[in-house]
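# Prediction below, plus the sequence it came from.
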Amino acid sequence: MSDIITERSGSILRVQLNRPAKKNAMTGAMYTALADLLNEAAQDEHVRVVLWHGAGDAFSAGNDLEDFMKNPPGSGESPQSHLMNALINFPKPLVAAVHGVAIGGGTTMLLHCDFVYAAEGTKFQTPFINLALVPEFGSSCSIPARIGYLHAAEMILLGQPFEAKQAEALGLVTRVVPGAKLLATATETAQKLAEKPAIALQACKRLLKQSLREQVEQAVKAENLEFSARVRSADAKEAFTAFFEKRPPDFTRTKEMAA
């Protein structure tokens with residue numbers, strides 16, 4: 001069965017991440033497939049809205065670390081950058097229904113959505129620092145722009161998990177709803193959007209995002225360069241080794257100079 005499932009309902013395209021046994025952790029193939037789906041939907045006049053959610057008990061646990069370590073992204077083209085570009089350039093409304101956990105990219109990808117509904121009890125986390133990495137998907141720009149520097153520093157520099165209610169208070173999700181009503185709530189919004197005048201709706205989205213778009217694009221370029229260096233660093237090697245060995249990392253064992 002495919003790791004990403006799509007279903008058309010009228011002018012709404014439902015996209016489901018479908019690796020429930022792995023909490024929908026993203027492989028390189030999934031990044032590419034999702035990017036291709038969004039690019040195709042952008043050009044399909046019969047698709048007005050995309051509704052995005054995850055199978056099983058999670059939205060997405062971020063990168064599949066085994067797959068990620070086999071092909072760590074470089075500073076140029078990569079499956080991850082392919083999806084970043086698709087999300088930045090997607091002109092139509094994107095509605096996400098999030099439950100369980102949204103970790104790493106599972107959180108930062110949501111910053112490109114226009115509506116994010118989270119089930120009660122959902123946990124969010126941007127643990128890049130714990131893996132000796134830096135944030136991606138333009139989040140080093142979009143997170144402080146949305147929630148302010150101090151909250152962003154707490155989120156990025158500490159990398160600790162936080163609950164759906166805090167995400168709502170910060171403005172990272174549209175609304176927190178009971179889990180049993182999550183998909184119905186997101187679908188209702190998608191249906192309302194699908195009934196709006198499509199060209200005007202896309203123009204509204206473009207105008208809302210235009211002031212930050214260039215900054216996000218520049219952030220993506222800078223992040224990709226830094227991420228490429230960090231993922232190949234001694235600290236990252238220690239972090240990933242510790243993860244697979246199921247022990248705390250010891251960064252005092254590595255010797256790296258700060259830039």
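That came through, no problem. Residues are numbered from 1 along each chain as shown.
# any low-confidence regions in the stretch 151-259 of the chain?
255-259 (pLDDT under 70).
# switch to 50 and redo it
Low-confidence segments of the stretch 151-259 of the chain, defined by pLDDT under 50: 259.
# Quick check, pLDDT for residue 66.
Per-residue confidence (pLDDT) for residue 66: 87.
# For it, what is the enclosing helix or strand?
Using DSSP states H and E, residue 66 maps to helix 65-70.
# so what secondary structure elements neighbour that helix?
helix 234-245 (3 or more CB pairs under 8 Å, 6 or more residues apart in numbering; DSSP states H and E). No exception for glycine: its C-beta is placed from N, CA and C like everyone else's.
# what's in contact with the helix it packs on?
Helix 234-245 is contacted from outside by 65, 69, 130-133, 230, 248-251, 253-256, using CB atoms under 8 Å, 6 or more residues apart in numbering.
# next one: stretch 202-215
The contact list for stretch 202-215 (CB under 8 Å, 6+ apart) reads 88, 91-93, 114, 141-142, 145.
# And the strands in the stretch 151-259 of the chain?
Secondary structure of the stretch 151-259 of the chain (DSSP state E, counting those that start in this stretch): strands located at 162-163, 175-177.
# What residues of the longest one count as buried?
Spelled out, that is strand 175-177. 176-177 (16 or more other CB atoms under 10 Å).
# Check which strands are paired with that strand and give the direction for each one.
When sheet partners are counted by DSSP bridges, strand 175-177 sits next to strand 115-119 (parallel).
# contacting residues for the residue lying closest to residue 218 once chain neighbours are set aside?
In space, and not counting its chain neighbours, residue 218 is closest to residue 141: 7.5 Å by CB to CB, 6 or more residues apart in numbering. If you count contacts by CB under 8 Å, 6+ apart, residue 141 has them with 212, 215-216, 218-219.
# and those residues, which are buried?
Among those, those buried by neighbour count (16+ other CB under 10 Å) are 216, 219.
# Now render the contacts of residue 141 as TSV, adding distance to residue 171.
Shown next, in TSV, are these (distance: CB to CB, whole Å):
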residue	distance to residue 171
212	14
215	17
216	16
218	22
219	18
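# sorry, back to before: quick check: next helix or strand after the helix holding residue 66?
Using DSSP H and E, the helix or strand that follows helix 65-70 towards the C-terminus is helix 79-89.
# Tell me the strands beside the helix or strand following that following helix, with direction?
Under the assignment DSSP H and E, the closest C-terminal helix or strand after helix 79-89 is strand 94-98. Applying DSSP bridges, strand 94-98 is found paired with strand 49-54 (parallel), strand 115-119 (parallel).
# and the angle from strand 94-98 to helix 79-89?
Calculated by axes from the mean of the first three to the mean of the last three CA atoms, to 10 degrees, strand 94-98 forms an angle of 120 degrees with helix 79-89.
# about what we covered before: what comes up buried for the helix or strand hosting the residue nearest to residue 218?
Secondary structure assignment for residue 141, by DSSP H and E: helix 139-147. By neighbour count on 16+ other CB under 10 Å, the buried set for helix 139-147 is 139-145, 147.
# In TSV: those residues, plus distance to residue 203 and pLDDT.
As requested, those are arranged in TSV below (distance: CB to CB, whole Å; pLDDT from 0 to 100):
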residue	distance to residue 203	pLDDT
139	26	97
140	28	97
141	23	97
142	21	97
143	26	98
144	27	97
145	22	96
147	27	97
